[in-house]
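In: With the input below, show me the fold.
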Amino acid sequence: MFALLAVGAILAASSAVNVGGKGKTALLIVDVQDCFLPNGSLGVSGSDRILEKIQQIYDDKGCLFDLVVRSQDFHPPGHISFASVHGLPPFADVSLGKGELPITCVEATDGNIQDASCCPSYFLNPSEFNCSEVLCPGDGNNFMYNASDSIITGNPACTICNATPEQCFKTTQRMWTDHCEFDGDSALELDIPSEIVQKGNTKFVDAYSAFADNTNNLQTPLDDILQGKGIETLFIVGIATDVVVDYTVRDAVTRGYKVVVVGDATAGISPQTEAAALEAFVALDGVQVVNTTDVMDFPCSKKWLSWKPFRRFFPRFRRKGYYGQSQGTMAAVGTDAEPTRHESESDAVHFMQEVKGGQDL
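Out: Alright, predicted model coming up:
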(Lines give C-alpha, C1' and ligand atoms only; values in the text may rest on other atoms or scores of the structure.)
Protein backbone atom coordinates (compact mmCIF):
# COMPACT_ATOMS: atom_id res chain seq x y z
CA MET A 1 0.00 0.00 0.00
CA PHE A 2 2.87 2.39 0.83
CA ALA A 3 4.37 1.81 -2.60
CA LEU A 4 1.11 2.50 -4.42
CA LEU A 5 0.44 5.68 -2.45
CA ALA A 6 3.99 6.97 -2.76
CA VAL A 7 4.24 6.22 -6.46
CA GLY A 8 0.80 7.73 -7.06
CA ALA A 9 1.85 10.97 -5.42
CA ILE A 10 5.01 11.14 -7.50
CA LEU A 11 3.16 10.46 -10.74
CA ALA A 12 0.57 13.11 -9.93
CA ALA A 13 3.32 15.65 -9.33
CA SER A 14 5.01 15.07 -12.67
CA SER A 15 4.07 17.37 -15.53
CA ALA A 16 2.23 16.33 -18.67
CA VAL A 17 4.17 14.91 -21.58
CA ASN A 18 4.10 16.19 -25.12
CA VAL A 19 4.53 13.33 -27.56
CA GLY A 20 5.07 14.11 -31.20
CA GLY A 21 7.00 16.68 -33.19
CA LYS A 22 9.81 15.95 -35.61
CA GLY A 23 11.79 13.64 -33.33
CA LYS A 24 10.96 9.96 -33.16
CA THR A 25 10.00 8.01 -30.07
CA ALA A 26 10.98 4.53 -28.84
CA LEU A 27 9.64 2.23 -26.17
CA LEU A 28 12.50 0.76 -24.12
CA ILE A 29 11.52 -2.32 -22.09
CA VAL A 30 14.21 -2.95 -19.50
CA ASP A 31 14.98 -6.51 -18.32
CA VAL A 32 11.43 -7.86 -18.32
CA GLN A 33 12.50 -11.49 -18.26
CA ASP A 34 11.86 -14.65 -16.29
CA CYS A 35 14.82 -14.29 -13.94
CA PHE A 36 13.47 -11.02 -12.48
CA LEU A 37 9.85 -12.15 -12.08
CA PRO A 38 8.78 -13.31 -8.59
CA ASN A 39 9.80 -16.95 -9.07
CA GLY A 40 12.99 -16.15 -10.98
CA SER A 41 16.61 -16.67 -10.02
CA LEU A 42 16.75 -13.02 -8.86
CA GLY A 43 13.03 -12.48 -8.47
CA VAL A 44 11.64 -9.03 -7.70
CA SER A 45 8.55 -9.31 -5.54
CA GLY A 46 5.41 -8.09 -7.30
CA SER A 47 7.19 -7.48 -10.60
CA ASP A 48 4.59 -9.55 -12.47
CA ARG A 49 2.09 -6.75 -11.90
CA ILE A 50 3.73 -4.68 -14.62
CA LEU A 51 3.40 -7.27 -17.40
CA GLU A 52 -0.21 -6.44 -18.18
CA LYS A 53 0.50 -2.70 -18.14
CA ILE A 54 3.43 -2.94 -20.56
CA GLN A 55 1.47 -5.22 -22.87
CA GLN A 56 -1.44 -2.77 -22.76
CA ILE A 57 0.84 0.12 -23.67
CA TYR A 58 2.00 -1.70 -26.79
CA ASP A 59 -1.36 -3.26 -27.71
CA ASP A 60 -3.34 -0.04 -27.48
CA LYS A 61 -0.78 2.72 -27.94
CA GLY A 62 1.93 1.20 -30.09
CA CYS A 63 1.17 4.03 -32.49
CA LEU A 64 3.24 6.30 -30.25
CA PHE A 65 6.46 4.43 -30.96
CA ASP A 66 8.69 4.32 -34.00
CA LEU A 67 10.78 1.57 -32.43
CA VAL A 68 10.60 -0.94 -29.59
CA VAL A 69 13.82 -2.15 -27.92
CA ARG A 70 14.21 -4.57 -25.05
CA SER A 71 17.26 -5.11 -22.89
CA GLN A 72 18.15 -8.59 -21.65
CA ASP A 73 20.42 -9.35 -18.71
CA PHE A 74 22.44 -12.29 -20.01
CA HIS A 75 25.25 -13.68 -17.85
CA PRO A 76 27.85 -16.41 -18.35
CA PRO A 77 28.44 -18.91 -15.53
CA GLY A 78 30.74 -17.57 -12.83
CA HIS A 79 29.85 -13.92 -13.46
CA ILE A 80 31.51 -11.37 -11.20
CA SER A 81 28.15 -10.28 -9.77
CA PHE A 82 27.37 -13.76 -8.42
CA ALA A 83 27.96 -13.97 -4.66
CA SER A 84 28.72 -17.68 -5.00
CA VAL A 85 31.82 -16.91 -7.07
CA HIS A 86 33.28 -15.05 -4.08
CA GLY A 87 32.30 -17.61 -1.44
CA LEU A 88 29.56 -15.35 -0.11
CA PRO A 89 25.80 -15.72 0.38
CA PRO A 90 23.53 -13.72 -1.93
CA PHE A 91 22.97 -10.14 -0.73
CA ALA A 92 25.96 -10.39 1.64
CA ASP A 93 26.58 -6.69 1.00
CA VAL A 94 23.37 -6.03 2.94
CA SER A 95 23.01 -8.97 5.32
CA LEU A 96 26.56 -8.82 6.73
CA GLY A 97 26.43 -5.06 7.20
CA LYS A 98 29.84 -4.39 5.64
CA GLY A 99 28.79 -2.86 2.35
CA GLU A 100 29.52 -4.01 -1.19
CA LEU A 101 32.52 -6.10 -2.24
CA PRO A 102 35.50 -3.88 -3.18
CA ILE A 103 36.69 -4.42 -6.74
CA THR A 104 39.36 -2.80 -8.89
CA CYS A 105 38.59 -2.09 -12.55
CA VAL A 106 40.60 -1.14 -15.61
CA GLU A 107 40.22 2.48 -16.71
CA ALA A 108 38.85 3.08 -20.21
CA THR A 109 41.81 3.89 -22.48
CA ASP A 110 41.91 2.54 -26.02
CA GLY A 111 38.67 0.63 -25.67
CA ASN A 112 40.26 -2.82 -25.70
CA ILE A 113 37.36 -5.15 -24.99
CA GLN A 114 39.68 -7.53 -23.11
CA ASP A 115 40.58 -4.78 -20.66
CA ALA A 116 36.98 -4.04 -19.70
CA SER A 117 37.18 -5.98 -16.48
CA CYS A 118 37.23 -5.83 -12.69
CA CYS A 119 39.16 -7.87 -10.14
CA PRO A 120 38.27 -8.45 -6.48
CA SER A 121 40.47 -5.94 -4.65
CA TYR A 122 41.15 -8.45 -1.88
CA PHE A 123 42.97 -10.66 -4.38
CA LEU A 124 45.30 -7.79 -5.33
CA ASN A 125 46.14 -6.58 -1.81
CA PRO A 126 44.73 -8.85 0.91
CA SER A 127 46.90 -7.27 3.62
CA GLU A 128 45.05 -3.98 3.19
CA PHE A 129 41.72 -5.44 4.29
CA ASN A 130 40.27 -5.69 7.76
CA CYS A 131 37.63 -8.30 7.01
CA SER A 132 35.84 -7.63 10.28
CA GLU A 133 34.87 -4.24 8.85
CA VAL A 134 35.04 -4.65 5.06
CA LEU A 135 33.35 -7.32 2.96
CA CYS A 136 35.94 -9.86 1.82
CA PRO A 137 35.62 -12.95 -0.39
CA GLY A 138 34.45 -15.79 1.83
CA ASP A 139 34.03 -13.07 4.47
CA GLY A 140 37.64 -13.58 5.48
CA ASN A 141 37.30 -17.29 6.24
CA ASN A 142 40.39 -18.42 4.30
CA PHE A 143 38.39 -18.51 1.09
CA MET A 144 40.26 -19.63 -2.01
CA TYR A 145 39.07 -18.97 -5.55
CA ASN A 146 38.56 -22.12 -7.63
CA ALA A 147 41.33 -22.07 -10.22
CA SER A 148 39.36 -24.31 -12.58
CA ASP A 149 36.44 -21.88 -12.82
CA SER A 150 37.79 -18.67 -11.45
CA ILE A 151 36.96 -15.00 -11.52
CA ILE A 152 40.75 -14.56 -11.33
CA THR A 153 42.11 -16.85 -14.04
CA GLY A 154 41.98 -15.08 -17.40
CA ASN A 155 40.73 -11.85 -15.82
CA PRO A 156 42.67 -8.95 -17.42
CA ALA A 157 42.03 -6.65 -14.44
CA CYS A 158 43.75 -9.06 -12.05
CA THR A 159 46.88 -8.84 -14.20
CA ILE A 160 46.79 -5.19 -15.26
CA CYS A 161 45.81 -3.74 -11.89
CA ASN A 162 48.50 -5.78 -10.15
CA ALA A 163 51.28 -4.70 -12.53
CA THR A 164 50.16 -1.11 -13.22
CA PRO A 165 47.64 0.00 -10.58
CA GLU A 166 47.65 3.55 -11.98
CA GLN A 167 45.65 2.21 -14.94
CA CYS A 168 42.83 1.14 -12.65
CA PHE A 169 40.21 2.56 -10.32
CA LYS A 170 38.42 1.22 -7.27
CA THR A 171 34.70 0.69 -6.92
CA THR A 172 32.34 -1.88 -5.40
CA GLN A 173 30.10 -4.72 -6.54
CA ARG A 174 26.76 -5.83 -5.12
CA MET A 175 26.43 -9.53 -4.36
CA TRP A 176 23.55 -11.15 -6.25
CA THR A 177 22.27 -14.67 -6.68
CA ASP A 178 23.40 -16.67 -9.70
CA HIS A 179 20.88 -15.24 -12.13
CA CYS A 180 19.87 -14.69 -15.76
CA GLU A 181 22.45 -17.16 -17.05
CA PHE A 182 22.86 -18.02 -20.72
CA ASP A 183 21.29 -21.44 -20.23
CA GLY A 184 19.09 -20.43 -17.30
CA ASP A 185 15.90 -18.43 -16.83
CA SER A 186 16.99 -15.40 -18.86
CA ALA A 187 14.13 -15.64 -21.41
CA LEU A 188 12.22 -12.47 -22.22
CA GLU A 189 8.56 -12.03 -21.34
CA LEU A 190 5.70 -10.29 -23.23
CA ASP A 191 4.35 -10.71 -26.77
CA ILE A 192 5.95 -7.64 -28.28
CA PRO A 193 8.14 -7.70 -31.42
CA SER A 194 11.30 -5.72 -30.78
CA GLU A 195 15.00 -5.23 -31.18
CA ILE A 196 16.90 -7.00 -28.38
CA VAL A 197 20.03 -5.66 -26.69
CA GLN A 198 21.92 -8.02 -24.38
CA LYS A 199 24.09 -6.83 -21.51
CA GLY A 200 26.16 -8.34 -18.72
CA ASN A 201 27.44 -11.01 -21.09
CA THR A 202 31.12 -10.45 -20.25
CA LYS A 203 32.28 -12.40 -17.20
CA PHE A 204 34.49 -9.85 -15.48
CA VAL A 205 32.29 -6.75 -15.35
CA ASP A 206 28.67 -6.13 -14.40
CA ALA A 207 26.22 -4.06 -16.43
CA TYR A 208 23.10 -2.41 -15.02
CA SER A 209 22.40 0.22 -17.67
CA ALA A 210 20.98 -0.84 -21.03
CA PHE A 211 23.55 1.53 -22.58
CA ALA A 212 26.85 0.41 -21.03
CA ASP A 213 28.62 -1.69 -18.44
CA ASN A 214 29.24 -0.40 -14.92
CA THR A 215 32.77 0.78 -15.77
CA ASN A 216 31.54 2.52 -18.92
CA ASN A 217 34.27 0.74 -20.90
CA LEU A 218 31.83 -1.28 -22.97
CA GLN A 219 28.84 0.16 -24.78
CA THR A 220 25.86 -1.94 -25.81
CA PRO A 221 24.50 -1.35 -29.34
CA LEU A 222 21.52 0.54 -27.87
CA ASP A 223 22.67 4.10 -28.56
CA ASP A 224 23.68 3.22 -32.13
CA ILE A 225 20.29 1.62 -32.74
CA LEU A 226 18.41 4.63 -31.40
CA GLN A 227 20.56 7.13 -33.29
CA GLY A 228 20.19 5.10 -36.48
CA LYS A 229 16.41 5.39 -36.20
CA GLY A 230 16.42 9.09 -35.32
CA ILE A 231 15.03 8.50 -31.83
CA GLU A 232 14.91 11.53 -29.53
CA THR A 233 12.42 10.43 -26.85
CA LEU A 234 12.42 7.22 -24.81
CA PHE A 235 9.49 5.77 -22.92
CA ILE A 236 11.11 3.51 -20.32
CA VAL A 237 9.44 0.65 -18.44
CA GLY A 238 10.76 -2.48 -16.73
CA ILE A 239 12.67 -4.02 -13.83
CA ALA A 240 14.08 -2.91 -11.44
CA THR A 241 13.11 0.72 -10.96
CA ASP A 242 15.83 1.34 -8.39
CA VAL A 243 18.72 -0.44 -10.15
CA VAL A 244 18.70 -1.19 -13.87
CA VAL A 245 15.96 1.28 -14.80
CA ASP A 246 17.69 3.94 -12.69
CA TYR A 247 21.05 3.44 -14.41
CA THR A 248 19.38 3.36 -17.83
CA VAL A 249 17.40 6.56 -17.27
CA ARG A 250 20.50 8.45 -16.14
CA ASP A 251 22.57 7.20 -19.07
CA ALA A 252 19.79 8.18 -21.47
CA VAL A 253 19.76 11.72 -20.08
CA THR A 254 23.55 11.92 -20.32
CA ARG A 255 23.28 10.95 -23.99
CA GLY A 256 20.76 13.71 -24.67
CA TYR A 257 17.49 11.77 -24.87
CA LYS A 258 14.20 13.03 -23.51
CA VAL A 259 12.89 10.38 -21.13
CA VAL A 260 9.39 9.42 -20.07
CA VAL A 261 9.32 6.87 -17.25
CA VAL A 262 6.01 5.04 -16.98
CA GLY A 263 6.17 4.65 -13.23
CA ASP A 264 3.47 2.06 -12.66
CA ALA A 265 5.00 -0.06 -15.46
CA THR A 266 8.25 -0.38 -13.51
CA ALA A 267 8.91 -2.56 -10.46
CA GLY A 268 11.43 -1.89 -7.71
CA ILE A 269 13.30 -4.13 -5.30
CA SER A 270 11.47 -2.57 -2.35
CA PRO A 271 8.59 -0.08 -2.03
CA GLN A 272 10.85 2.46 -0.37
CA THR A 273 13.67 2.33 -2.92
CA GLU A 274 11.20 2.26 -5.82
CA ALA A 275 9.48 5.40 -4.57
CA ALA A 276 12.83 7.10 -3.98
CA ALA A 277 13.99 6.29 -7.52
CA LEU A 278 10.82 7.67 -9.10
CA GLU A 279 11.08 10.82 -7.00
CA ALA A 280 14.69 11.24 -8.13
CA PHE A 281 13.65 10.85 -11.78
CA VAL A 282 11.21 13.75 -11.44
CA ALA A 283 14.10 15.98 -10.35
CA LEU A 284 16.22 15.16 -13.41
CA ASP A 285 16.25 17.57 -16.35
CA GLY A 286 14.64 16.02 -19.40
CA VAL A 287 12.79 13.31 -17.46
CA GLN A 288 9.07 13.06 -16.81
CA VAL A 289 7.22 10.41 -14.83
CA VAL A 290 3.73 9.35 -15.88
CA ASN A 291 1.47 6.35 -15.40
CA THR A 292 -0.15 3.95 -17.84
CA THR A 293 -3.43 5.87 -17.76
CA ASP A 294 -1.59 8.96 -19.01
CA VAL A 295 -0.10 6.97 -21.88
CA MET A 296 -3.57 5.75 -22.87
CA ASP A 297 -4.64 9.40 -23.20
CA PHE A 298 -1.83 10.37 -25.60
CA PRO A 299 -3.16 10.99 -29.14
CA CYS A 300 -1.79 8.90 -32.00
CA SER A 301 -0.40 10.52 -35.13
CA LYS A 302 -0.69 7.37 -37.25
CA LYS A 303 -3.13 4.52 -37.74
CA TRP A 304 -2.89 1.64 -35.33
CA LEU A 305 -4.72 -1.65 -35.02
CA SER A 306 -4.75 -3.26 -31.60
CA TRP A 307 -2.11 -5.95 -31.26
CA LYS A 308 -4.34 -8.24 -29.17
CA PRO A 309 -5.94 -10.28 -32.00
CA PHE A 310 -2.53 -11.20 -33.39
CA ARG A 311 -0.86 -12.52 -30.24
CA ARG A 312 -1.88 -16.07 -31.12
CA PHE A 313 0.79 -16.05 -33.84
CA PHE A 314 3.66 -15.51 -31.38
CA PRO A 315 4.21 -19.14 -30.33
CA ARG A 316 5.13 -19.75 -33.97
CA PHE A 317 7.81 -17.08 -33.85
CA ARG A 318 9.23 -18.29 -30.55
CA ARG A 319 9.63 -21.80 -31.94
CA LYS A 320 11.33 -20.57 -35.09
CA GLY A 321 13.56 -18.04 -33.35
CA TYR A 322 11.84 -15.02 -34.89
CA TYR A 323 10.73 -13.49 -31.59
CA GLY A 324 12.83 -10.35 -31.86
CA GLN A 325 16.48 -10.34 -32.86
CA SER A 326 19.57 -9.96 -30.74
CA GLN A 327 21.46 -6.83 -31.72
CA GLY A 328 24.93 -8.08 -30.91
CA THR A 329 27.18 -8.00 -27.90
CA MET A 330 28.69 -5.08 -26.06
CA ALA A 331 31.23 -3.07 -28.05
CA ALA A 332 34.39 -1.53 -26.66
CA VAL A 333 34.61 2.23 -26.28
CA GLY A 334 36.93 3.84 -28.80
CA THR A 335 37.00 1.00 -31.30
CA ASP A 336 36.16 1.63 -34.93
CA ALA A 337 34.27 -1.63 -35.33
CA GLU A 338 30.49 -1.35 -35.50
CA PRO A 339 28.56 -3.82 -33.33
CA THR A 340 27.13 -6.62 -35.44
CA ARG A 341 23.37 -6.34 -35.72
CA HIS A 342 20.45 -6.90 -38.06
CA GLU A 343 19.32 -3.73 -39.82
CA SER A 344 15.85 -5.05 -40.62
CA GLU A 345 13.07 -5.51 -38.10
CA SER A 346 12.09 -8.99 -36.94
CA ASP A 347 10.23 -11.44 -39.16
CA ALA A 348 7.40 -11.22 -36.66
CA VAL A 349 6.96 -7.52 -37.47
CA HIS A 350 6.99 -8.14 -41.22
CA PHE A 351 4.46 -10.94 -40.85
CA MET A 352 2.08 -8.77 -38.84
CA GLN A 353 2.41 -5.96 -41.36
CA GLU A 354 1.21 -8.38 -44.01
CA VAL A 355 -1.68 -9.52 -41.83
CA LYS A 356 -2.67 -5.92 -41.19
CA GLY A 357 -2.49 -4.98 -44.84
CA GLY A 358 0.89 -3.30 -44.82
CA GLN A 359 0.15 -0.86 -42.01
CA ASP A 360 2.97 0.18 -39.72
CA LEU A 361 3.01 -1.59 -36.39
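In: what kind of secondary structure is the residue of the chain positioned farthest from its centre in?
Out: Going by Cα atoms, centre = their mean, the residue of the chain most distant from its centre is Ser127, 35.4 Å out. Under DSSP: H, G, I helix; E, B strand; the rest coil, Ser127 falls in the helix class.
In: which residues of the chain fall in helices?
Out: Ranges of helices in the chain, per DSSP state H, are 2-13, 49-61, 92-95, 121-124, 156-163, 222-228, 244-254, 271-283, 292-297, 314-320, 347-355.
In: any idea of the mean pLDDT in the fifth one?
Out: Read it as helix 156-163. Averaging pLDDT along helix 156-163 yields 93.
In: List the buried residues of it.
Out: For helix 156-163, the neighbour count (16 or more other Cβ atoms under 10 Å) marks Pro156, Ala157, Cys158, Ile160, Cys161 as buried. Just so you know, the C-beta spots here come from the backbone N, C-alpha and C atoms, and that holds for glycine as well.
In: Can I get these in TSV including distance to Phe91?
Out: Converted to TSV, the buried residues of helix 156-163 look like this (distance: Cβ to Cβ, whole Å):
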residue	distance to Phe91
Pro156	28
Ala157	24
Cys158	25
Ile160	30
Cys161	26
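In: Could you work out the most separated pair of those residues?
Out: Maximum pairwise distance in the buried residues of helix 156-163, criterion Cβ to Cβ, is 8.8 Å, between Pro156 and Cys161.
In: Give me the common contacts of those two.
Out: Val106 (Cβ atoms under 8 Å, 6 or more residues apart in numbering).
In: one step back: among the helices of the chain, which comes closest to Asp178?
Out: Nearest to Asp178, of the helices of the chain and by Cβ to Cβ, is helix 92-95 at 13.6 Å.
In: Could I get the buried residue list for the closest one?
Out: Neighbour-count burial for helix 92-95, counted by 16+ other Cβ under 10 Å, picks out Ala92, Asp93.
In: Can you give the contact residues for it?
Out: Helix 92-95 is touched from outside by Ala83, Pro89, Lys98, Gly99, Glu100, Leu101, Leu135, Asp139, Thr172, Arg174, Met175, with contacts defined as Cβ under 8 Å, 6+ apart.
In: follow-up on the earlier one: go through the helices of the chain and name the closest to Ala210.
Out: Nearest of the helices of the chain to Ala210, taken as Cβ to Cβ: helix 244-254 at 4.5 Å.
In: List the buried residues in the closest one.
Out: Within helix 244-254, the residues that count as buried by 16+ other Cβ under 10 Å are Val244, Val245, Asp246, Tyr247, Thr248, Val249, Arg250, Asp251, Ala252, Val253.
In: what residues are up against the closest residue to the fifth one other than its chain neighbours?
Out: With Cβ to Cβ, 6 or more residues apart in numbering as the criterion, Thr248 has its nearest non-adjacent residue at 4.5 Å, and that residue is Ala210. Neighbour list for Ala210: Leu28, Val30, Asp31, Val69, Ser71, Val197, Lys199, Thr220, Leu222, Val244, Thr248, Asp251 [criterion: Cβ under 8 Å, 6+ apart].
In: closest to Gly230 among these?
Out: Val69 (13.7 Å).
In: For the closest one, name its beta-bridge partners.
Out: Leu28, Glu195 (DSSP bridges).
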